[in-house]
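In: Got a predicted structure here, sequence first:
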Amino acid sequence: MTVFRRLLAGLSTLVLPAYGLAAEYNLTVDRVTIDTGDFVKEGIGYNGASPGPVLRFKEGENVTINVTNNLDEMTSVHWHGLILPFTQDGVPGVSYPGIRPGETFTYQFPIVQSGTYWFHSHSGFQEPNGAYGAIVIEPRDADPVAFDREYVVQLTDKHPHDGDRIMRNLKMMPDYYNRQQLTVGDFVSEARDRGFWATMKDRMMWGDMRMMKADVEDVQGFTGLINGHGPAQNWTGLFRPGERVRLRFINSSAMTYFDVRIPGLTLTVVEADGNRVRPVPVDEFRIGVAETYDVIVEPRDDRAYTIFAESMGRSGYARGTLATRAGQTAPVPDRRPPSYLTMADMSGMPGMDHGDMGHGDMNHDDMGHGAAAMDHSEMAHGEMSHGNMAMDHADQASDDGAMDHGAMAHGEMNHGAASHEAMGHDQMAPMATADMSEHDAVPAGHAVGRHRAMAARTDDAAMSHAGTAPQGREHNPFYARGSGLTPEAANGGRFLSYADLRAAQPLYPERAPTREIELRLTGNMERYSWSINGVKFEDADPIRLQYGERVRFKFVNETMMTHPMHLHGMWSILDVGAGQWNPIKHVVSVQPGTTVYMETEVDAPGQWAFHCHLSYHAASGMFRKVVVEGGPDTAVGTTPVQGGDA
Amino acid sequence: MSPVVAAEPDPHTARYFWGIQFEEFEYRYSDSDEEVASWDGDAFYGTDELKLRWLGKGEYGIDERAYETLENQLVLQTPISDFFDAKAGVRVDTPEGPDRTYGVLGIAGLAPYWFEIDASLYFGEGGQAMTELDVEYEWLLTNRWIVNMGLDATYAFSEDRAIGIGRGLSSTELGLRLSYDLIDRTLSPYVGVVHEKAYGDTRDLAREDAESTEEWYAVAGVRWMF
């Protein structure tokens, strides 16, 4: 079969309203009823349903989309991840005034890219209330990713409360929705394991900061949906054994990161945020809010496979099935125990003196690993990576002069522990080699870039913590070392990291950034107030960029929550230390206690939104307007700008 | 020249909020067979920067059919640090007996180790002044069964015989309540015990009036929030 015929065969099985290259689309914004299987509630949708339709475009076409607002309030539609003229971007107050009740707004823009994206309302809390849908853009030429069949797998976290109510409740009581707080029972069992005083000291440290180890998911109580179906309703995609199935994962959640796996299948990640990456086979991946990942799976057996998307904090999950016939199901895994933050996740906070923090208390038990496992990994770290550590030290010393080397607590590595022998040096040798070979293999710029990424201020606390990888897996530079959020694959296999992503093709010639803009992600959980550089949107000046420059953004997460930062209109080139092969994204997740860099070619004139994609963080201030000055004529209008980079 | 978009009310920031909460809304039965309805609630409207808040407390004697205490405060509240707000306003007491009006200055917020603190200074027309400290602490038995411990202490800088307040530490109220979050955090029924005690000159004044100076109550009520 030719690729083309296989493609058609795959497409014909899709549950789509229509497939074609028609350049005109109609969308209505409606009040709808949403049934999750757990509860039924009123919400907002498109063309009478939530999620809305899957819009299929083709690279190179000019689309016209008529959006009719059937609500009794303003609405808007934002085309998430699409590169288009700013007047078509759909952000009220930034791109255009919005769409009034009863009004039809006509969007017109050229499709200059391919891949998986989505669309959603940018007005109030309409998106958490259901106003979202998927976009699939077929490449202009033959798709370099071969597949027989494809499905959109659009995740969301549907909550019984509507968005306004959630926001108000969070403002009244920031832990209103947090039902994974540590209890007296947790204290007792922890005290039994590690001693009363150690547990007491741990609680005192957190209490002193007035922060909660449980602040991983601040809006719990949702039902995870796949394409609008709750776990009990079990969305199912059919396949024939031996087919290559392309799954287009989209996280349209208001607040929830999902860890996605399909027990029994390897997921080969081929696209991130709509852009092709060098294929990475993994057992599990974490999809941040608003991100998209395309994966290929090749189910060979005539049986069902469960798509299991467990929330990062483990308070909820979405579930679907790949099956060879309707009604077939596979076992649904249990959720893993809740994740809790560690002191390492706090290391981005200013004024935190790690020297005082009693590292002896914070490491092993906080991470919830057995002591033996930790001894193992700490030793692995100590033994294997002294070379790396030396470099880290130098890097961090220049990065943060206040670092306390004395506090690194090498003594805690338990070299003398009996398990030293047992853990096996032979196991360590290949790991060390792997580590080195990766360094050898990378392009010249890599070492520097990588350390930039690692500069991650995971710093001193991190050093003594030696990662969370019990099997000696390499530390994930996008999490603070010792972070309670560092994901691990449920089957002990490979978990996708940003560090694994390499662009399949560079989008722009590599060049040095013209300047660096530091953006500290800030907030106060107790007041449920979120901001950038300590300033909320309503009090902030826009970020001004010059057309033609290449800006390096430095994100320093000073909060204890993960923030998916989304820049509209231009690509976010995430620095994973791979130079021109750095992956191209539209959302960059910044974990607590880390510093992450991305670069942007400023090639889109106009006014753009830039914000944390967690709905209630954006709404309470973690939002900026970005103004791109200069460049081609930017008169307001609906005339599509031809061309563009993609 | 930078492009211009029609100015619209900013849709991205939710700025104004309101809420109503009754920390205590209960029936009390004392060891001297006294029955009392009691409440302690507040409501607010405003922004992160400035809130208008009403605080109300009262005790209604069911047998006497009279308000033993009835306080209403209206304050403006603004953040002064990451975890604390300052507040200023007016307090009007209209129980059985003489009314009193005070100016209020106070702070409210979260102290290290998760103690909720509300401390106020009241100054009355006749130069009377007193302070009140309210400390709350929660213990999570589970994520829905919660033990709430509260201490409320009043210290008077001057005597106000007409309302039975003597100089010095005048009274404390200590409460221990076990609640269950029945509907979200909206409705949490509870049971508990409350101990009220008068001290020093205030105690002497109470004795002169043949009032009790120390009382234990069994309480049952609901905490609610909307």
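Out: Thanks, I have the structure now.
In: Which residues of the stretch 301-450 of chain A lie near chain B?
Out: Neighbours of chain B within the stretch 301-450 of chain A, by CB under 8 Å from any CB of the partner chain: none found. Using the backbone N, CA and C atoms, a C-beta is placed for each residue, glycine as well.
In: for the stretch 301-450 of chain A, which spans come out with low pLDDT?
Out: A:348-450 (pLDDT under 70).
In: so what's the backbone phi/psi at the spatially most central residue of chain B?
Out: Residue closest to the mean C-alpha point of chain B, counted by CA atoms, centre = their mean, is B:Asp40 at 5.1 Å. Here is the backbone geometry of B:Asp40 (degrees, to the nearest 10): phi -150, psi 110.
In: again with A:Arg527
Out: phi -100, psi 0.
In: Which residue, other than its chain neighbours, is closest to it?
Out: Closest residue to A:Arg527 apart from its sequence neighbours, by CB to CB, 6 or more residues apart in numbering or on different chains: B:Asp48 at 6.3 Å.
In: where does that neighbour land in three-state SS?
Out: Of the three states, B:Asp48 takes coil under DSSP: H, G, I helix; E, B strand; the rest coil.
In: close enough to count as contact, it and B:Pro79?
Out: Yes - B:Asp48 lies in contact with B:Pro79 (CB atoms under 8 Å); the separation is 7.2 Å.
In: Quickly list what's touching both of these two.
Out: When contacts are counted by CB atoms under 8 Å, 6 or more residues apart in numbering or on different chains, the set common to B:Asp48 and B:Pro79 consists of A:Arg527.
In: Which residue of these two possesses the greater neighbour count?
Out: Between B:Asp48 and B:Pro79, counted using other CB atoms under 10 Å in any protein chain shown, B:Asp48 has the larger neighbour count: 20 against 17.
In: Phi and psi next, for the more buried one.
Out: Per-residue torsions, B:Asp48: phi -60, psi -30 (degrees, to the nearest 10).
In: Would you map the helices across chain B?
Out: Listed in chain order, the helices of chain B (DSSP state H) span B:200-208.
In: ranges for the strands of it?
Out: Secondary structure of chain B (DSSP state E): strands at B:17-30, B:35-46, B:51-61, B:66-79, B:84-93, B:100-111, B:115-124, B:129-140, B:145-156, B:168-180, B:187-198, B:214-225.
In: can I get the ones you listed in TSV with mean pLDDT and distance to A:Gly124?
Out: Shown next, in TSV, are the strands of chain B (pLDDT from 0 to 100; distance: least, CB to CB, whole Å):
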stretch	mean pLDDT	distance to A:Gly124
strand B:17-30	97	14
strand B:35-46	97	19
strand B:51-61	97	22
strand B:66-79	97	25
strand B:84-93	98	27
strand B:100-111	97	29
strand B:115-124	97	31
strand B:129-140	97	33
strand B:145-156	97	33
strand B:168-180	97	33
strand B:187-198	98	27
strand B:214-225	97	23
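In: Turn the ones you listed into TSV, including distance to chain A.
Out: Formatted as TSV, the strands of chain B follow (distance: least, CB to the nearest CB, whole Å):
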stretch	distance to chain A
strand B:17-30	4
strand B:35-46	8
strand B:51-61	10
strand B:66-79	7
strand B:84-93	9
strand B:100-111	5
strand B:115-124	9
strand B:129-140	4
strand B:145-156	8
strand B:168-180	12
strand B:187-198	12
strand B:214-225	7
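In: who wins for proximity to A:Met209 among those strands?
Out: Nearest to A:Met209 among the strands of chain B is strand B:100-111; the distance by CB to CB comes to 11.0 Å.
In: how big is the angle separating the closest one from strand B:51-61?
Out: 110 degrees (axes from the mean of the first three to the mean of the last three CA atoms, to 10 degrees).
In: Buried residues of strand B:100-111, list them for me.
Out: Buried positions in strand B:100-111, judged by neighbour count with 16 or more other CB atoms under 10 Å in any protein chain shown: B:Arg100, B:Tyr102, B:Val104, B:Leu105, B:Gly106, B:Ile107, B:Ala108, B:Gly109, B:Leu110.
In: Enumerate every residue touching the last one.
Out: By CB under 8 Å, 6+ apart, the contact list for B:Leu110 reads A:Arg210, A:Glu526, B:Phe83, B:Phe84, B:Glu116, B:Ile117.
In: Quick check: closest non-adjacent residue to it.
Out: B:Phe83 (4.6 Å).
In: And the buried residues of strand B:100-111, which two are furthest apart?
Out: Most distant of these, by CB to CB, are B:Arg100 and B:Leu110, 29.9 Å apart.
In: follow-up on the earlier one: which pLDDT value does the model give the residue nearest to B:Leu110?
Out: According to the prediction, B:Phe83 has pLDDT 96.
In: And for A:Ser464?
Out: 35.
In: distance between the ends of stretch A:583-598?
Out: Terminal residues of stretch A:583-598 lie 10 Å apart, using CA to CA, to the nearest Å.
In: Show me which parts of it are buried, residue by residue.
Out: Buried residues in stretch A:583-598 (16+ other CB under 10 Å): A:583-598.
In: cool, and stretch B:163-182?
Out: Using 16+ other CB under 10 Å as the test for burial, stretch B:163-182 gives B:163-166, B:169-173, B:175, B:177, B:179, B:181.
In: for those residues, which one is nearest A:Gly37?
Out: B:Asp181 (23.8 Å).
In: List the residues that contact the closest one.
Out: B:Asn143, B:Arg144, B:Ile146, B:Leu187, B:Ser188.
In: Quick check on it: phi, psi?
Out: With angles defined as degrees, to the nearest 10, B:Asp181 shows backbone torsions of phi -80, psi 100.
In: So the most centrally placed residue in chain A versus chain B, what's the distance?
Out: When CA atoms, centre = their mean is applied to chain A, the residue found nearest the centroid is A:Gly288 (2.0 Å). Per CB to the nearest CB, to the nearest Å, A:Gly288 is found 20 Å from chain B.
In: Which positions within stretch B:124-132 qualify as buried?
Out: Result for stretch B:124-132 [16+ other CB under 10 Å]: buried residues B:Gly124, B:Gln128, B:Ala129, B:Met130, B:Glu132.
In: Cross-check the contact I'm expecting between the third one and B:Tyr122.
Out: Yes - the pair B:Ala129 and B:Tyr122 passes the contact test of CB under 8 Å, sitting 6.7 Å apart.
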